[in-house]
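Student: Give me a 3D structure for the following:
(chains A and B)
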Number of protein chains: 2
Amino acid sequence: MSRFWSDLVKNLTPYVPGEQPKVDNLIKLNTNENPYAPSPKVLQAIAAANGERLKLYPDPNALELKQAIAEYYGVEVNQVFVGNGSDEVLAHAFQGLLKHSKPLLYPDISYSFYPTYCKLYGINQEMIPLRADFSIDVEDFIRPNGGIIFPNPNAPTGKLLALKDIEKLLKKNTGSVVVVDEAYIDFGGETAIKLVNKYDNLLVTQSFSKSRSLAGLRVGCAVGHPVLIEALERVKNSFNSYPMDLLAIKGGVAALQDKDYFNKTCQAIIDTRKTTTEGLEALGFEVVASAANFVFAKHPDKDAAAIFQALREHAIVVRYFNKPRINQHLRITIGTDAEMQALLDALAKILPTV
Amino acid sequence: MSRFWSDLVKNLTPYVPGEQPKVDNLIKLNTNENPYAPSPKVLQAIAAANGERLKLYPDPNALELKQAIAEYYGVEVNQVFVGNGSDEVLAHAFQGLLKHSKPLLYPDISYSFYPTYCKLYGINQEMIPLRADFSIDVEDFIRPNGGIIFPNPNAPTGKLLALKDIEKLLKKNTGSVVVVDEAYIDFGGETAIKLVNKYDNLLVTQSFSKSRSLAGLRVGCAVGHPVLIEALERVKNSFNSYPMDLLAIKGGVAALQDKDYFNKTCQAIIDTRKTTTEGLEALGFEVVASAANFVFAKHPDKDAAAIFQALREHAIVVRYFNKPRINQHLRITIGTDAEMQALLDALAKILPTV
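Tutor: Next up, the predicted model:
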């Protein structure tokens, strides 16, 4: 603490991301990265852009990337916002669209960055408990609010909310913005982007970090009504004119264009999720039905923190949240088949010992 | 305007960056980019990192880049902060270090993003007029304040404040943070980083966009006392865990390591600035003595806006600010010798006609 700090800084609770261990030969199943490399076409596009042009500022509007996203989803360019990872996009949405006198609503078990944004921007918030099975009851969100946000599929549970339930919520909640955070939508969900032309208060955010294997490049986007996008642009242009570097713009465009690679790698993860779920269940775990590239699993007899530690000793890192309601669960990213087999083998050894 | 916008968004005045024209064969002297390509070693480092590793998140702490900066300037790693361009670094400094009940002070002629940040974060500010010759009188800043910021060399004037004057200010202003924004320091100034171990309220920000030819990659940094850096980290970790992508980290490190290329290209720009200044003076312009990679010039008899327009018709873009005190000046980026000769030739044709 220092007298030089603003009052805000003194009261922040910074987000702690999953560890990025600097150890080799680790099986890394803790931050929901994709086990498959980015599309070769992405690497080619980056290589082609890696030259003298880097001396110039990128297009501050990243129009090429916006156009590619608009085309991909069949929307207009002015319905698309892009940012330096979806966390940045979410930050601008919190500041520009979700800060009102009434509280922002989000599930009690959800992306743990949301309360951090609320502190950063002084947003009044109210956590809505999920049902015991971790599902969202949209009726619980029908109450006075200044905005609603939830991940779909939810994190860290992996549980999907059906599009018809989202539409039900949108029909009843017309006075504030509903942000659907679709970081994991490509692993089995149906995007709410198809509803943006029908509901002017719907903003959908997506990430290129998971399904497009580009966590290292930092690309995220939002799609919604042009008036919502304009709010994000106003914040962005008051914060950083050029958040997207040239290589991220070019790589992002190429990622959207290589649909075959995208479909193939997403399907591989969905398949591996199925065998992993079966393997975990065979070991006695209860696994939440997941539409994401991770599973959320609990062993009825074994302590999650102890399993987490023991796995680490086997050079396997998963994610453990020491939080109410979920401190007996582990969130396990879906890796390759070989990685998941190694996990199951390690668990078979570990479980009798913990 | 929309009922969905936060009150903040309704009142923002977004920054308008210099145009990034999508026209070929333009001589682009409007956004202070470097006319020389990035170091070949930077392009090699990016090429080497452009692979499967992009599927993983980058180091959220960008330690490798912080270490390279620390080594370069002879400071400790915990005295270094890095961000997605120096605009992002400045934004965090405004929010975390420059927002206090007393007003933030900055020169009336200065980087035009400062008032935008003040609006974004609700910072009380007071503009301190420069002297008539555009120099900063540090005595004018000795008054109650919650922070002080100025570019050095100043933008858009190019005028340098001597290190001894900065030290004079630091000695008298011990109660608030002084941010020295050194985006252009490498073109003839002496960095204030050598003072950070002596003054715990000094924060120096730098950019890789100008002197390191990397505007397209988005790399910026701040150096100061660890307590000031901690404030920036707290804001950053409440906003975006991974602002620096892998390629920006690797490219930034390589840029710092290739000192020969850096010295050579900086010197070329300094030499071209001299010949450009002489050429402009021969055409009757008054040119502010510049320590930056641009010159700020005024013609006593000709209207700056008219010259700006006429140059555009000759496919040469410079920067014109329609603002009090400087609306008869043009800010002209230093390009290659050939580009500057083309500018001088065009001006020789234009001046009799405007």
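Student: Where does A:Ala37 fall, secondary structure wise?
Tutor: Here A:Ala37 is covered by no helix or strand, with elements defined by DSSP states H and E.
Student: do the one 5 residues further on as well
Tutor: For A:Val42, the element it lies in under DSSP H and E is helix A:40-49.
Student: which other helices and strands contact that helix?
Tutor: For helix A:40-49, the helices and strands in contact under the criterion 3 or more Cβ pairs under 8 Å, 6 or more residues apart in numbering or on different chains; DSSP states H and E are helix A:246-257. (C-beta placed from N, C-alpha, C; glycine too.)
Student: Would you mind pulling up the elements that the helix it packs on packs against?
Tutor: Packing partners of helix A:246-257 (3+ Cβ pairs under 8 Å, 6+ apart): helix A:40-49, helix A:63-73.
Student: For it, what does the pLDDT average out to?
Tutor: Confidence for helix A:246-257, expressed as mean pLDDT, is 98.
Student: buried set for that helix?
Tutor: A:Leu246, A:Leu247, A:Ala248, A:Ile249, A:Lys250, A:Gly251, A:Gly252, A:Val253, A:Ala254, A:Ala255, A:Leu256, A:Gln257 (16 or more other Cβ atoms under 10 Å in any protein chain shown).
Student: helix, strand or coil for the closest residue to A:Asp59 other than its chain neighbours?
Tutor: Among residues not flanking A:Asp59 along the chain, B:Gln20 sits closest, at 5.5 Å (Cβ to Cβ, 6 or more residues apart in numbering or on different chains). Taken by DSSP: H, G, I helix; E, B strand; the rest coil, the conformation at B:Gln20 corresponds to coil.
Student: Could you report the neighbour count for B:Gln20?
Tutor: By the criterion of other Cβ atoms under 10 Å in any protein chain shown, B:Gln20 has 20 neighbours.
Student: What are the boundaries of the helices in chain A?
Tutor: Counting by DSSP state H, one finds helices in chain A at the ranges A:7-10, A:40-49, A:63-73, A:86-97, A:114-121, A:163-172, A:226-239, A:246-257, A:259-282, A:304-313, A:337-350.
Student: how about the residues of the stretch 51-200 of chain A near chain B?
Tutor: Proximity of the stretch 51-200 of chain A to chain B, by Cβ under 8 Å from any Cβ of the partner chain, involves residues A:51-60, A:84-85, A:87-88, A:91, A:95-100, A:116-117, A:119-120, A:175-177, A:200.
Student: Likewise for the stretch 251-354 of chain A?
Tutor: Residues of the stretch 251-354 of chain A lying near chain B by Cβ under 8 Å from any Cβ: A:Gly251.
Student: Closest residue of the stretch 251-354 of chain A to chain B?
Tutor: Closest approach of the stretch 251-354 of chain A to chain B (Cβ to the nearest Cβ) occurs at A:Gly251, with a separation of 7.8 Å.
Student: was I right about that residue contacting A:Ile46?
Tutor: Yes - here A:Gly251 reaches A:Ile46: they are 4.9 Å apart, a contact under Cβ atoms under 8 Å.
Student: thinking again about what came up before, could the buried residues of helix A:246-257 go into TSV alongside distance to A:Asp7?
Tutor: TSV is the format used below for the buried residues of helix A:246-257 (distance: Cβ to Cβ, whole Å):
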residue	distance to A:Asp7
A:Leu246	38
A:Leu247	38
A:Ala248	34
A:Ile249	37
A:Lys250	41
A:Gly251	39
A:Gly252	37
A:Val253	42
A:Ala254	44
A:Ala255	41
A:Leu256	42
A:Gln257	47
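Student: Out of those residues, which comes closest to A:Gly74?
Tutor: Of all the buried residues of helix A:246-257, A:Gly74 sits closest to A:Leu256, with 12.7 Å by Cβ to Cβ.
Student: ok, now which ones touch the residue nearest to A:Asp59?
Tutor: The neighbourhood of B:Gln20, defined by Cβ atoms under 8 Å, 6 or more residues apart in numbering or on different chains, consists of A:Leu56, A:Tyr57, A:Pro58, A:Asp59, A:Pro60, B:Thr31.
Student: quick one: contacts for A:Gln44?
Tutor: In this structure, A:Gln44 makes contact with A:Ala254, judged by Cβ under 8 Å, 6+ apart.
Student: gap between it and B:Val178?
Tutor: Counting by Cβ to Cβ, to the nearest Å, the separation of A:Gln44 from B:Val178 is 47 Å.
Student: rewinding a little: and the helix holding A:Val42, how far out from the chain's middle?
Tutor: Between the centre of helix A:40-49 and the centre of its host chain there is 24 Å, according to Cα atoms, centre = their mean, to the nearest Å.
Student: Kindly export that helix (C-alpha atoms) in PDB.
Tutor: As requested, the backbone C-alpha atoms of helix A:40-49 are provided in PDB (Å, rounded to 0.1, in the frame of the first residue of the first chain):
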ATOM      1  CA  PRO A  40      -1.300 -24.200 -40.300                       C
ATOM      2  CA  LYS A  41      -3.100 -21.400 -42.200                       C
ATOM      3  CA  VAL A  42      -2.900 -19.200 -39.100                       C
ATOM      4  CA  LEU A  43       0.800 -19.800 -38.800                       C
ATOM      5  CA  GLN A  44       1.200 -19.000 -42.500                       C
ATOM      6  CA  ALA A  45      -0.800 -15.800 -42.200                       C
ATOM      7  CA  ILE A  46       1.300 -14.700 -39.300                       C
ATOM      8  CA  ALA A  47       4.500 -15.500 -41.100                       C
ATOM      9  CA  ALA A  48       3.300 -13.500 -44.100                       C
ATOM     10  CA  ALA A  49       2.600 -10.500 -41.900                       C
END
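Student: quick check: domain ranges of chain A?
Tutor: Domain assignment for chain A by automatic domain parsing gives A:7-37+A:260-353, A:40-258.
Student: Endpoint to endpoint, the first one covers what distance?
Tutor: Taking Cα to Cα, to the nearest Å, the first and last residues of domain A:7-37+A:260-353 lie 48 Å apart.
Student: pLDDT averaged over it, what's the number?
Tutor: Domain A:7-37+A:260-353 shows a mean pLDDT of 95.
Student: try stretch A:165-172
Tutor: Along stretch A:165-172, the predicted local confidence has a mean pLDDT of 98.
Student: which one of the helices and strands packed on helix A:246-257 lies closest to A:Arg312?
Tutor: Taking Cβ to Cβ as the measure, those were each checked against A:Arg312, and helix A:40-49 came out nearest at 31.6 Å.
Student: Tell me which residues of the helix holding A:Val42 come out buried.
Tutor: Counting neighbours by 16+ other Cβ under 10 Å, one finds that the buried residues in helix A:40-49 are A:Lys41, A:Val42, A:Leu43, A:Ala45, A:Ile46, A:Ala47, A:Ala49.
Student: what's the closest of those residues to A:Thr333?
Tutor: Of all the buried residues of helix A:40-49, A:Val42 has the smallest distance to A:Thr333: 20.6 Å, by Cβ to Cβ.
Student: Contact partners for that closest one?
Tutor: If you count contacts by Cβ under 8 Å, 6+ apart, then A:Val42 has A:Arg212, A:Ser213, A:Leu214, A:Gly251, A:Ala254, A:Ala255, A:Asp258, B:Leu54 around it.
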